[in-house]
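J.: Quick one, structure for this:
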Amino acid sequence: MLRKRILSATIQDFGLESTGSGAPGDSANSMQLVSFRLAQEEYGIEITRVQEIILMGEITRVPQTPDFIKGLINLRNTVIPIVDLRRRFGQPEEKMTDETRIMVMNVSGKTIGIIVDAVSEVLRIGKDQIAPPPPTVAGLDRDYLTGLVKLEKRLLILLDMDKILTNGESVLIESL
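T.: Sure thing, here's the model as predicted:
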């Protein structure tokens, strides 16, 4: 209940709109997503994975870690490792903007933050709207891509956050 209130407050604080599509009252056949931008692409993850969305703050770098691990933050006396999703996907690093956010979430049983270019909206989609990833991406070590959702004039790429990091990377993050 507290998580829903925090997310609701966060959604209002950042002016995120909630888009209803699919069957709003039937949670067995629909799901709520948080969509966010990274480079020129739009991604979505299940809202239940997100603990909170925070503004970019000071990140303490950790020596001898992969370039996609930006460092650590102290969030209400909890140390949280921060992953730059842009770098994790092999995209060039960009300058942070006023829209850059950290999405704090549970990934494989560990609380981490991921840096995204902007958080777009919360939307409800019908599970029947999810198409499998195209064969050109399936099997190319992209297990974290769970599907695509065609919206009015855009495509939303769905991510499985538990598969974003390899086992070795997860162990490294746990040791931070």
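
J.: State the helix or strand in which the residue nearest the centre of the chain lies.
T.: The centroid of the chain falls nearest to Ile45 when counting by Cα atoms, centre = their mean (5.7 Å). For Ile45, the host element (DSSP states H and E) is strand 41-46.

J.: any idea how far Asn74 is from Tyr43?
T.: Distance, Tyr43 to Asn74, using Cβ to Cβ, to the nearest Å: 27 Å. No exception for glycine: its C-beta is placed from N, CA and C like everyone else's.

J.: next one: Ile114
T.: Counting by Cβ to Cβ, the gap from Ile114 to Asn74 is 17 Å.

J.: who's more crowded, those two?
T.: Ile114 (26 against 11; other Cβ atoms under 10 Å).

J.: Could I get the pLDDT score of that one?
T.: Note on Ile114: pLDDT of 96.

J.: and if you look at the one 3 residues further on?
T.: Per-residue confidence at Asp117 stands at 95 (pLDDT).

J.: Sketch out the low-pLDDT regions of the protein for me.
T.: 1-27, 136-141 (pLDDT under 70).

J.: Quick one: the helices in it, in order.
T.: 2-13, 85-88, 167-175 (DSSP state H).

J.: Strands of this protein, residue ranges please.
T.: Remark: strands assigned in the chain by DSSP state E are 17-20, 30-38, 41-46, 50-55, 69-75, 78-84, 101-107, 110-116, 118-126, 130-131, 145-150, 155-159.

J.: Identify the residues contacting the residue lying closest to Asn106 once chain neighbours are set aside.
T.: Counting by Cβ to Cβ, 6 or more residues apart in numbering, the nearest residue to Asn106 once its immediate chain neighbours are dropped is Arg49, at 6.3 Å. Arg49 makes contact with Met105, Asn106, Val107, Met161, according to Cβ atoms under 8 Å, 6 or more residues apart in numbering.

J.: Show the contacting residues for the last one.
T.: The one in question is Met161. Ile45, Arg49, Met105, Val107, Tyr144.

J.: Roughly how far does the closest residue to the last one other than its chain neighbours sit from Arg142?
T.: Same thing as Tyr144. Leaving aside its sequence neighbours, Tyr144 sits nearest to Lys163 (Cβ to Cβ, 6+ apart; 4.0 Å). Distance, Lys163 to Arg142, using Cβ to Cβ: 9 Å.

J.: Across the sheet, point out what pairs with the closest residue to Lys70 other than its chain neighbours.
T.: Distance criterion Cβ to Cβ, 6+ apart; nearest residue to Lys70, sequence neighbours excluded, is Ile82 at 4.5 Å. Ile82 has these beta-bridge partners by DSSP bridges: Gly71, Gly113.

J.: wouldn't Ile82 be in contact with Val116 here?
T.: No. Counting by Cβ atoms under 8 Å, Ile82 does not reach Val116; the two are 11.3 Å apart.
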